[in-house]
Each structure stands twice: as C-alpha cells, then as structure tokens.
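Undergrad: Coordinates for the following, if possible.
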Amino acid sequence: MLDPSLLLDLVKMQMPYGKYKGYLICNIPESYLLWYKDKGFPKGKLGDLMATMFEIRVNGLEYLLTPLKNQQQ
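TA: Numbers count the residues shown, from 1 in each chain. Just a heads-up that it's a prediction; the model follows:
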C-alpha cells in the first residue's frame with residue numbers, strides 16, 4: 001500500500017547526489033529513473049521515493065502530484 005506522505009515528499013525532497021543533484025525527485029527525468037531501476041534503486045527512503053516516482057511516470061499518473069506542487073509554491 002502506498003504511503004500518502006511519500007507523494008508529498010516527492011515534491012519537497014531534492015536528489016542529494018549524482019547527475020540530478022538538487023532536482024526535486026518529482027522532476028527527475030524518466031530515463032534516469034529507468035537507469036536506476038535497472039541498476040537498483042538506493043536503499044531507504046530515497047530509493048522508495050525514486051521507485052514511486054518511476055511507477056507514477058510509467059503509468060501516466062503525474063497529475064496526482066500537481067495539487068501538491070501547487071501547494072509548495
């Protein structure tokens with residue numbers, strides 16, 4: 001079951017390292033998430049967020065994050 005707080009974290013938390021350091025997790029390109037999926041997502045919360053964002057992207061569910069993004073502005 002999806003933890004609703006993960007959705008909020010997707011629009012608040014930044015990638016802490018790598019090519020997309022400083023990007024919000026929700027703004028990381030699908031190609032990078034796919035690369036990580038093949039390589040293996042990091043352990044812990046960051047990996048959970050990246051895996052969740054990957055599933056949101058491949059299933060066309062980005063619209064779920066729009067209200068949360070708007071709240072952050």
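Undergrad: in this structure, which ranges drop under the pLDDT threshold?
TA: Applying pLDDT under 70 to the chain flags residues 1-2, 73.
Undergrad: count of residues packed around I25?
TA: 21 (other C-beta atoms under 10 Å). (Glycine included, C-beta is placed from N, CA and C.)
Undergrad: What's the end-to-end length of stretch 7-22?
TA: 18 Å (C-alpha to C-alpha, to the nearest Å).
Undergrad: try stretch 15-25
TA: 6 Å.
Undergrad: Which residues outside it are in contact with it?
TA: Under the contact criterion C-beta atoms under 8 Å, 6 or more residues apart in numbering, stretch 15-25 has outside partners 9-14, 27-29, 32, 46, 49-50, 53.
Undergrad: Going by neighbour count, which of those residues comes out on top?
TA: M53 (25 neighbours).
Undergrad: just checking, it touches C26?
TA: Yes. Using C-beta atoms under 8 Å, M53 makes contact with C26 at a distance of 6.2 Å.
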